[in-house]
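Peer 1: fold the following for me, if possible:
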Amino acid sequence: MKILVATKRVQDYNVKVRPKSDGSDVDIDGIKMGINPFDENALEEALRIKEKIQSTEISVVSIGDSKNQDVLRHGLAMGADRAILINTESPLQPLGVAKVLKGLVEKEKPDLILLGKLALDSDAGQTGQMLAGLLNYPQGTFVSKIEINNNKLTITREIDGGTNVLEMNLPAVLTADLRLNEPRFVKLPNLMMARKKKIEEIKSSDLATDTQTNQEILEVTIPPSRKAGIKVKSVKELLDKLKDQEGIKL
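Peer 2: Residues are numbered from 1 along each chain as shown. Below is the predicted model:
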């Protein structure tokens, strides 16, 4: 059994980011970066599956430039068998990422593809679903529990109304929720050994050619501060204020 885990390099979740002075994008210069937390949950689950099924091979992949090597070495230090860096000259939107990952899946032919349910930087939560659609694979999103029996998966998903249990065949695409597990602590000796391990490199153009996007960022701004609340004495007063002060048509 082979497992492919996709990881992304994002800002540390403790860091408060701000837009650039020209409002063109988020300013990440000089801030702490690392593996996307949801992707770390996905990798941890792959490692737990490996501990139960001895023949499992885990490959961790990241798309970007040479800076993404720190994310891949973190994955190797956690216990991944292989690391693959897909080099790209420009940032990719979710559909472009899904197309590149589709090319890698067709090349590597893993039995299970794991991703985080979303990335902290974009908060889009689209790549896993798009990848499953392009591959025509069964999918499970927001997964909080995974069970493997022979060639079948039984997963528990987190939904608005509670949980949803699905059964599907392999190969499949799953996106991990934070409640799937608690990622293991990476020891310093493992990090030191991971620095010496080889990282395979592939050009994104070798996996997918049409990765352009029609999306364009117009402006990045800080959300406006919330106004102080007020008390009203009646429903009529509330409706009058919504109509007169906020311009809401009732």
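Peer 1: flag every buried residue along stretch 178-193.
Peer 2: 178, 180-181, 183, 186, 190 (16 or more other Cβ atoms under 10 Å). Yep, even glycine has a C-beta here, placed from its N, CA and C like the rest.
Peer 1: those in helices, which ones?
Peer 2: residue 190 (DSSP state H).
Peer 1: ranges for the helices of the protein?
Peer 2: Secondary structure of the chain by DSSP H: the helices cover 37-52, 69-78, 94-108, 127-135, 188-194, 235-244.
Peer 1: how about the ones you listed in JSON lines, adding distance to residue 8 and mean pLDDT?
Peer 2: Output for those, formatted as JSON lines (distance: least, Cβ to Cβ, whole Å; pLDDT from 0 to 100):
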{"stretch": "helix 37-52", "distance to residue 8": "6", "mean pLDDT": "94"}
{"stretch": "helix 69-78", "distance to residue 8": "7", "mean pLDDT": "95"}
{"stretch": "helix 94-108", "distance to residue 8": "8", "mean pLDDT": "94"}
{"stretch": "helix 127-135", "distance to residue 8": "9", "mean pLDDT": "95"}
{"stretch": "helix 188-194", "distance to residue 8": "18", "mean pLDDT": "91"}
{"stretch": "helix 235-244", "distance to residue 8": "41", "mean pLDDT": "87"}
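Peer 1: distance to residue 121 added to the ones you listed, as TSV?
Peer 2: Formatted as TSV, these follow (distance: least, Cβ to Cβ, whole Å):
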stretch	distance to residue 121
helix 37-52	12
helix 69-78	13
helix 94-108	12
helix 127-135	12
helix 188-194	24
helix 235-244	35
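Peer 1: what's the closest of those helices to residue 168?
Peer 2: Proximity to residue 168 (Cβ to Cβ) singles out helix 127-135 among the helices of the chain, at 10.4 Å.
Peer 1: and the closest one, C-alpha only, in PDB?
Peer 2: Coordinates of each C-alpha in helix 127-135 appear next as PDB, following Å, rounded to 0.1, in the frame of the first residue of the first chain:
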ATOM      1  CA  THR A 127      -7.800  21.300  -3.500                       C
ATOM      2  CA  GLY A 128      -8.800  17.900  -2.200                       C
ATOM      3  CA  GLN A 129     -12.300  18.000  -3.700                       C
ATOM      4  CA  MET A 130     -10.900  19.200  -7.100                       C
ATOM      5  CA  LEU A 131      -8.200  16.500  -7.100                       C
ATOM      6  CA  ALA A 132     -10.800  13.700  -6.400                       C
ATOM      7  CA  GLY A 133     -12.900  15.100  -9.200                       C
ATOM      8  CA  LEU A 134     -10.100  15.200 -11.700                       C
ATOM      9  CA  LEU A 135      -9.000  11.700 -10.800                       C
END
